[in-house]
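Participant: Model the following, please.
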Amino acid sequence: MNDQSKPVISFDDFSKLDIRTARVTAVSDHPNADKLIVIDIDLGTEQRRIIAGLKPYCDPESLVGVNIVVVTNLEPRKMRGLESSAMLLAAVWEDDGQRQVTVITTDNKVPPGSAVS
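Facilitator: Below you'll find the predicted structure:
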């Protein structure tokens, strides 16, 4: 089923994404934004930083030590002065008119940097 709000892409296009697991090592408030948090992640072979608009939707400290799913090969992007060098995946939906967001995590202790396919 295709929502039609986004185009259908080929498998080749999808396979260009580098989706991996990462372990959250630290989370802090963004110094220049109310809704953004700074997430430090371990990808097994390197450390990176993600800037995400999650503050209204979760307790940032609850993410520390959790394995999340990230896209690692997006072009880095500055967000309010800090660079984000990956993008975490999250489920987003409406419940009684309120936006809900849940970060995609793994059930098991998957090694950081493991490929997701």
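
Participant: Every contact and neighbour count from this point should use C-alpha atoms.
Facilitator: Fine.

Participant: for the residue nearest in space to the middle of the chain, which residues make a bridge with it?
Facilitator: Centroid-nearest residue in the chain: L88, 0.9 Å away (criterion: C-alpha atoms, centre = their mean). Beta bridges link L88 to V70, judged by DSSP bridges.

Participant: Same check on R48?
Facilitator: The partner residues for R48, given DSSP bridges, come to I41.

Participant: Could you report the separation of it from D96?
Facilitator: R48 sits 36 Å away from D96, going by C-alpha to C-alpha, to the nearest Å.

Participant: which strands and helices sit next to the longest strand seen in the chain?
Facilitator: With secondary structure taken from DSSP state E, the chain has its longest strand at strand 19-29. Helices and strands touching strand 19-29, by 3 or more C-alpha pairs under 8 Å, 6 or more residues apart in numbering; DSSP states H and E, are strand 37-42, strand 67-71.

Participant: need these in a markdown table with mean pLDDT, can you?
Facilitator: Formatted as a markdown table, the helices and strands packed on strand 19-29 follow (pLDDT from 0 to 100):
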| stretch | mean pLDDT |
| --- | --- |
| strand 37-42 | 97 |
| strand 67-71 | 97 |
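
Participant: Read off the pLDDT value for L82.
Facilitator: Predicted confidence (pLDDT) for L82: 88.

Participant: Please name the bridge partners of it.
Facilitator: M79.

Participant: count of residues packed around it?
Facilitator: 15 (other C-alpha atoms under 10 Å).

Participant: how far away is it from I37?
Facilitator: Distance from L82 to I37, by C-alpha to C-alpha: 11 Å.

Participant: And Q98, by the same measure?
Facilitator: Distance, Q98 to I37, using C-alpha to C-alpha: 20 Å.

Participant: who has more neighbours, the two?
Facilitator: Taking other C-alpha under 10 Å, Q98 and I37 do not tie; I37 has more neighbours (21 against 8).

Participant: How far away from the center of its chain is stretch 55-66?
Facilitator: Put simply, stretch 55-66 sits 12 Å off its chain's centre (C-alpha atoms, centre = their mean, to the nearest Å).

Participant: Nothing else from me, thank you.
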